[in-house]
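# any chance you could fold what I've pasted below:
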Amino acid sequence: MLWSAAAGASALPDSLLREMPSRQMKNLLVPRSHHMAFVSGEDIVVVGGHTTGFVPTASAEYYHGGRWRPLQSLYAHDCGFRVRLRDGRWMLAGGCDQYLGIGQSYVAEVYDSTTRSFSPLPIMEQKRSLARGMSLPDGTVVISGNALAPDILEVYKPETGPLESRPAQEQRMLPFLFRTGSDDVLLLSSVGNRWEERDTVKLEYLRREGTFSHPLLETWKPIHTCSSNWTPEGCAVDSTSFLLAVQNAAGKAAVMLVKDGDLSLLPTRWDIPSGNPANPIQWSDHLLVHRGREAALLLGSDADGGVYICRIDYREALSGGEAPVCLYHAQYPGLFFTLDGPASVLLPDGRLLLIGGRPRNNYEPYATVVAYYPFEGPFPGSARLGAWWWILLLLAAAAVGVVLLLKGRRTDGQAAKVPEPDTERMQRFRELMETEKLYLKKGLRIDDVAARMASNQKYISACINRNTGKSFTDCINEYRVRYAQELLVNHPELKIQDIGERAGFSSSVSFHRNFLLITGKTPARWREEKS
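Residues are numbered from 1 along each chain as shown. Coordinates of the predicted model:
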């Protein structure tokens, strides 16, 4: 139990408070805070921010093969923002142009994971720091927000620069941007561009005049943390549905569903806990969605260096029920810790990384990287069965086991020859891949395969490695590339980017990179030679 149930105001049962596994990874090459971090191709990429002494840094680095490797970006982007472009590249823009978090900048650049390189983009219409942006289906980018300077709502095209702009009707810093059902964008923020907390939060749209009120925003406000790493994609349930952390005047936290531009509270089975009143949890705007697991992770911290992750499995709430909730706790390795500064990254395999950050000042940022495991083991928040039901289930399972054991014995008294477990596992794995083509599922994880095989992911990983000499990811990518080769030969009418998608790759960048790695040729070159 993390604290006394009587001491906290939360209705969450003590049985749903869990200590969370964590592991400290290799430190960054450069200590940094208010930087950006993201998954690009097979890498974790970290860009910009400020380093020791509150000095902006134009350095970058990427994690691959178990270690961090240096890169060099063009600009520092301390308190800048990032946008995933339609072609899979990342646009990085804005930020403070001086030491100590002062000033704003026009600059923009793009990161390409296929070459691990940065290239300049046209400058923005407005100098910005603490801004945010989002990509639209037509390839343009909507940008809004500024700190200590005017905010202009801007539509930007990466190839040519600004297309249109107008003064924002509500001057905001670090706004949240969400796509609606049309080509419109909803914007809202609880903080003005002079760092002032707003008493009333208004809605603004890209394609509509004026500002708009919403009854829900009279009670609930978006939680504001000075995070440079927030993106709409990170909290997206689908293309027009998003989750947002909110809080009321009493400090109670909840999750807001923004769906097609409308706002509602996500129904949860239990309240999001506030913790010990003597040392309450400070919840943040670090809310990340794992769409494959249909779960949202809300990050919080306390004054003693505690890290909290509230896991909300939202599927039931979207279909008329209530989302089960569970709270995980771990200790950050530093003496002091605040969620104002680090970059949080949710990996496809379910690990949550906290990268860099700062203590209670900006002059001594951390190089620390910690991996947390909120999806390790069964989710206690979904448990509804009482203790007697679990006892009956265990007794039934034991009885089935005895029957199977007796059935499996030979009547002639000779021991039956049992295939090696490794051989059985590998045979079953190959059946799933070659017969059912499970590798065509985007975002396939080793625990998905483990569930299908009724086995443990560690056993499966070790089995694949022993039998093929490859990791699970490399093995899956090899199946996908073989399938793509078949499509390239047998379906010349298909575009290459469509083939990568059909083969199960999550992006065209990942497809091209793995195809080149495995075959030594690009898909286009390989098709040309085969034809």
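
# distance check, the residue nearest in space to the middle of the chain against residue 301.
The residue lying closest to the centre of the chain (Cα atoms, centre = their mean) is residue 346, at 3.4 Å. Per Cβ to Cβ, to the nearest Å, residue 346 is found 17 Å from residue 301. Backbone N, C-alpha and C define where each C-beta goes, glycine included.

# how about residue 29?
Counting by Cβ to Cβ - residue 29 and residue 301 are separated by 25 Å.

# and for residue 270?
20 Å.

# neighbour-wise, which of the two wins?
residue 301 (23 against 19; other Cβ atoms under 10 Å).

# once you drop chain neighbours, what's closest to the more buried one?
residue 339 (5.2 Å; Cβ to Cβ, 6 or more residues apart in numbering).

# for residue 352, same thing?
residue 372 (4.6 Å).

# got a list of what the one you found touches?
Applying Cβ atoms under 8 Å, 6 or more residues apart in numbering, we find residue 372 in contact with 20, 21, 22, 307, 309, 328, 330, 351, 352, 353, 354.

# how close does the residue nearest to residue 76 when sequence neighbours are not counted sit to residue 105?
The shortest distance from residue 76 to any non-neighbouring residue, by Cβ to Cβ, 6+ apart, is to residue 56 (3.5 Å). From residue 56 across to residue 105, the span is 10 Å (Cβ to Cβ).

# joint contacts of the two?
When contacts are counted by Cβ under 8 Å, 6+ apart, the set common to residue 56 and residue 105 consists of 95, 96, 97.

# and the least confident of those?
Among the shared contacts of residue 56 and residue 105, residue 97 has the lowest pLDDT, at 93.

# number of residues surrounding the residue nearest to residue 356 when sequence neighbours are not counted?
Counting by Cβ to Cβ, 6+ apart, residue 32 is the residue found nearest to residue 356 once chain neighbours are left out, at 4.7 Å. Residue 32 is flanked by 33 other residues according to other Cβ under 10 Å.

# and residue 32, how far from residue 156?
26 Å.

# residue 216: neighbour count?
Residues contacting residue 216 under the criterion other Cβ under 10 Å number 15.

# which SS class is the residue lying closest to it once chain neighbours are set aside?
Leaving out its chain neighbours, the residue that sits closest to residue 216 by Cβ to Cβ, 6+ apart is residue 263, at 4.9 Å. Following DSSP: H, G, I helix; E, B strand; the rest coil, residue 263 is assigned to strand.

# for residue 221, see how far away residue 263 is.
12 Å.

# wait, residue 287 sits on residue 256?
No: counting by Cβ atoms under 8 Å, residue 287 stays clear of residue 256, with 9.8 Å between them.

# what is in contact with these two at once?
With Cβ under 8 Å, 6+ apart as the test, residue 287 and residue 256 both reach 243, 244, 245.

# can you pull out the low-pLDDT segments for this structure?
Residues of the chain that meet the criterion pLDDT under 70 lie in 1-11, 335, 382-422.

# helices of that one, start to end?
315-318, 387-408, 421-434, 446-453, 457-468, 472-490, 496-502, 508-519, 523-530 (DSSP state H).

# mind checking which of those helices is nearest residue 81?
With Cβ to Cβ, the closest approach to residue 81 among these belongs to helix 508-519: 20.6 Å.

# burial of residue 435, as a residue count?
8.

# measure it to residue 445 for me?
20 Å.

# go on, residue 299?
For residue 299 relative to residue 445 (Cβ to Cβ), the value is 21 Å.

# now do residue 428
Taken as Cβ to Cβ, the span from residue 428 to residue 445 is 17 Å.

# what about the two, which has more around it?
Counted by other Cβ under 10 Å, residue 428 and residue 445 do not tie: residue 445 has more neighbours, with 21 against 17.

# wouldn't residue 292 be in contact with residue 445 here?
Yes: Residue 292 lies in contact with residue 445 (Cβ under 8 Å); the separation is 6.9 Å.

# hey, what's in contact with both of these two?
Residues touching both residue 292 and residue 445 (Cβ under 8 Å, 6+ apart) are residue 348.

# show me where the stretch 51-200 of the chain has its strands.
Remark: strands assigned in the stretch 51-200 of the chain by DSSP state E, counting those that start in this stretch are 55-56, 59-64, 67-72, 81-84, 90-93, 108-112, 117-120, 132-135, 141-144, 152-157, 161-167, 176-179, 185-188.

# my guess is residue 311 meets residue 346, correct?
No: Residue 311 is not in contact with residue 346 according to Cβ under 8 Å; the separation is 11.5 Å.

# what is in contact with these two at once?
Counting by Cβ under 8 Å, 6+ apart, the contacts common to residue 311 and residue 346 are residue 297.

# which residue is the nearest non-sequential neighbour of residue 153?
Nearest residue to residue 153, sequence neighbours excluded (Cβ to Cβ, 6+ apart): residue 168, at 4.7 Å.

# what's across from residue 50 in the sheet?
Beta bridges link residue 50 to residue 33, residue 56, judged by DSSP bridges.
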